[in-house]
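# Based on what follows, work out the 3D shape:
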Amino acid sequence: MAFSSNRVSKGLILLLIGVFCLINIANGAYQVSVMGARKQRHCVSISSPVFNGTHLRVKRQGCQDGTYKHEGRDCCLCAAGQRLKNHCTTSPDDRECEFCEPGISYNSEPNSKESCEPCTSCSHENANLEVDEPCTPYKDTKCKCKANHYCNSGTCKICQPCDKCDATGVKEPCTATSNAVCNESKSLGGGEIAAIIIAVLFLVLVAVGVYIKRQTIMKRLRPNSDSSTPSNHVDVPLLKVNMEPHLLDFAEILGWKDMKLVAQKCDMGTAIENLEISHPKDIEDRTIELLKKWIERTGSNASVELIKVLRRNGKNNKADKIQQKLKEINSSSQSNSA
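Got it, this is the predicted structure:
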């Protein structure tokens, strides 16, 4: 009898537990449904302005890129990538615009120009450039240096080859905007530097001693020599001669290196750079063209100035040859006139 009453009690407890669980499950489902409904109402309230179009309405403007004046009338500018074909006649926005040709021309800003700007070329033979970004109607070509070349100026027309580090090794590699930096060679120690300095000083003292001794011997051998004997050097008057008919002769005497030196003294760096690009292999034509530009810039005094520049820079041999050539030309012209 006691055993059956225990079984009844356990059954009632299990029943109560089951009822309690069912109540909790039902309550949780209700809360979930209520929260879902709230979220739906919240989403609808947030997104509802989008559906009625209030955030998509855009106020239209007449000339978005600005205007320009034509015959006292305001006309709308053409957009970037376009050029003006016809001016406006009745209203600001009835002007006609036309797109620039892709890969050939461009306009990067709103404008009233009747033509587009030509695209920059990166294909100069001696410039070591290649295309980084192609030309579009909206922007010019962007060039960059070819591999193993660099340019450290803002606008690059010519890229220079990178230095090669052989035995020392590379400290900083070459980039598009900076040259390679090589490791420094092994520096000498303090003792080695001191030994070199002592050796150099010794050689200098020996050379000075030999020079003094030689001068003393020469004076003894020539006791009656006249120290006031004039120098053999004679200043030849500089001639003003028209050099243009004889450009080839003078260019052959000068050569590109010394002609470039003369032009650099007149701040003709841009002309030199352009000729190196346009005549990368023909040095003779390049020298003649630069000499012609230098003569045009210097004027009628070019022959005199050329001799002066060469002598100031230690080019006496070529100055003598130029002067001799000028003398021949001058003599020839005088004989012809006679």
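
# which residue ranges form the helices in this protein?
Per DSSP state H, the chain carries helices over the ranges 2-51, 190-221, 247-264, 269-278, 283-298, 302-312, 316-337.

# for the stretch 1-150 of the chain, which spans come out with low pLDDT?
Low-confidence segments of the stretch 1-150 of the chain, defined by pLDDT under 70: 1-14, 18-61.

# one more time with 80, if that's ok
Low-confidence segments of the stretch 1-150 of the chain (pLDDT under 80): 1-62.

# Over to the stretch 201-338 of the chain?
Using pLDDT under 80, the flagged stretches of the stretch 201-338 of the chain are 213, 215, 217-240, 333-338.

# Which residues outside stretch 299-316 are in contact with it?
238-243, 250, 258, 261-262, 265, 294-295, 298, 318-319, 322-323, 326 (CB atoms under 8 Å, 6 or more residues apart in numbering). The way it works is simple: take the backbone N, C-alpha and C, and place the C-beta from them, glycine included.

# Make sure His279 is actually in contact with Asp285.
Yes: contact status for His279 versus Asp285: in contact at 5.2 Å, counting by CB atoms under 8 Å.

# re earlier: in ChimeraX, how would I select the buried members of the contacts of stretch 299-316?
Here is the ChimeraX command that selects only those of the contacts of stretch 299-316 that count as buried (16 or more other CB atoms under 10 Å):
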select :241,243,250,258,262,294,295,298,318,319,322,323,326
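
# buried residues in stretch 257-276?
Neighbour-count burial for stretch 257-276 flags Asp258, Met259, Lys260, Val262, Ala263, Met268, Ala271, Ile272, Leu275, Glu276 (criterion: 16+ other CB under 10 Å).

# Could you check how far the second one is from Glu273?
Same thing as Met259. Relative to Glu273, Met259 is positioned 14 Å away (criterion: CB to CB, to the nearest Å).

# Could you do the fourth one as well?
Applying CB to CB, the value for Val262 to Glu273 is 16 Å.

# Show me which residues of stretch 152-167 are buried.
Neighbour-count burial for stretch 152-167 [16+ other CB under 10 Å]: Cys156, Lys157, Ile158, Cys159, Cys162, Cys165.

# end to end, how far does it reach?
25 Å (CA to CA, to the nearest Å).

# Off-centre distance for it?
11 Å (CA atoms, centre = their mean, to the nearest Å).

# Now that stretch: average pLDDT?
The pLDDT scores in stretch 152-167 average 85.

# What lies in contact with that stretch?
Stretch 152-167 has contacts (CB under 8 Å, 6+ apart) with 124, 126-129, 143, 145-146, 148-151, 171, 174, 177-180, 182-183, 273, 276-277.

# Good, we can wrap up now.
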